[in-house]
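Peer 1: Following is a predicted model, sequence given first.
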Amino acid sequence: MSTEATEAFDALKRPGWLTFTAVILISVGILRVITAISYFGNSHKVSNLSAGLFGGQLWAWGLWDLIIAVLAIWGGFSLLRGNSFGRAIGYIWAGLTLIQSFLILAWAPWFGFLAMAIAVLVMFALSSTSGWRAQQDV
């Protein structure tokens, strides 16, 4: 391997926490698309939240999940490319996920606590690697 190739590879290395965050964002985003489709289909297989915040309006939960999914997938791919825009999307996604976790904690406690833990890990990963920036070729 040439020295130039090694230097180029080292310049593209991102911290493991950022890769972890990107993978979490993309995978959770894909799962949120599936749950949104389930809510739009008025299915009660994923979670029975019909007595929850939005009452019997499962389409509202589906819209909420779809918004969070789009943010998560967009932020994950942005982080993999090394853009700082992905950090902002990651923080917004984690904040929205924390809000939703607190709102559904009474109806789905395990899901709420798990989503809370993932959101906190994403926030930790983004804040602990705030000094890293991808070096772009000029």
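Peer 2: Good, I have the coordinates.
Peer 1: Residue ranges in the protein under the pLDDT threshold?
Peer 2: Segments of the chain classed as low confidence (criterion: pLDDT under 70) are 1-12, 42-57, 133-138.
Peer 1: V33 is in contact with L66, correct?
Peer 2: Yes. Taking C-beta atoms under 8 Å as the definition, L66 is a contact partner of V33 at 6.9 Å. (C-beta placed from N, C-alpha, C; glycine too.)
Peer 1: longest single helix anywhere in this protein?
Peer 2: Looking only at the chain and at elements set by DSSP state H, the helix with the highest residue count is helix 16-40.
Peer 1: List the buried residues for that helix?
Peer 2: The neighbour-count criterion (16 or more other C-beta atoms under 10 Å) identifies 17-18, 21-22, 24-26, 28-29, 32-33, 35-36, 38-39 as the buried residues of helix 16-40.
Peer 1: Same question for stretch 70-85.
Peer 2: Neighbour-count burial for stretch 70-85 flags V70, L71, A72, I73, W74, G75, G76, F77, S78, L79, L80, N83 (criterion: 16+ other C-beta under 10 Å).
Peer 1: So which of these belong to helices?
Peer 2: Filtering these for membership in helices, criterion DSSP H, returns V70, L71, A72, I73, W74, G75, G76, F77, S78, L79, L80.
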